[in-house]
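S.K.: Here is a sequence together with a model predicted from it:
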Amino acid sequence: QVQLVESGGGLVQAGDSLRLSCAVSGRTFGSYGMGWFRQAPGKEREFVARITWSGGITRYANSVEGRFTIARDNAKNAVYLQMNSLKPEDTAVYYCASATSSLWSYNYWGQGTHVTVSS
């Protein structure tokens with residue numbers, strides 16, 4: 001089992017920044033990479049960014065490219081999402097998830113952290 005705990009959400013104004021953290025514990029040796037997803041009220045969950053533990057290869061959704069940065073700390077078993085130039089449409093519950101292979105099938109999910117961006 002892998003446990004994921006997100007933190008760092010909050011209420012900010014448009015243009016502000018936030019950094020989300022995801023602490024990973026448990027049987028982490030089988031994890032290939034980590035992803036961030038978000039779900040806005042009334043909408044489906046959507047992909048935000050992902051990163052591999054080995055090599056730190058990243059990929060972003062078009063909507064956040066250039067504003068968000070995903071990073072990982074292998075020694076701390078942690079993943080971060082630096083969010084800059086936040087917009088009201090970034091308001092959502094943000095989840096981190098663990099993938100066990102290059103197919104990026106996410107087997108474990110955190111409980112989510114709320115991000116609200118006011119205009």
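M.R.: Thanks, I have it. Remember, predicted model here, so these are calculated numbers, not experimental data.
S.K.: and the residue nearest the centre of the chain, what element?
M.R.: Nearest residue to the geometric centre of the chain (CA atoms, centre = their mean): Trp36, 2.6 Å. Trp36 belongs to strand 33-39 when assigned by DSSP states H and E.
S.K.: who does that strand pair up with?
M.R.: strand 46-52 (antiparallel), strand 92-99 (antiparallel) (DSSP bridges).
S.K.: Most tightly packed of those strands?
M.R.: strand 92-99 (a mean of 23; mean count of other CB atoms under 10 Å). For glycine as for every other residue, the C-beta is placed from the backbone atoms N, C-alpha and C.
S.K.: Let me know the next secondary structure element after that one.
M.R.: strand 106-109.
S.K.: Now do the buried residues in the strand holding Trp36.
M.R.: In terms of neighbour count (16 or more other CB atoms under 10 Å), strand 33-39 has its buried residues at 33-38.
S.K.: Check stretch 100-117 too.
M.R.: Result for stretch 100-117 [16+ other CB under 10 Å]: buried residues 106, 108-110, 112-113, 115, 117.
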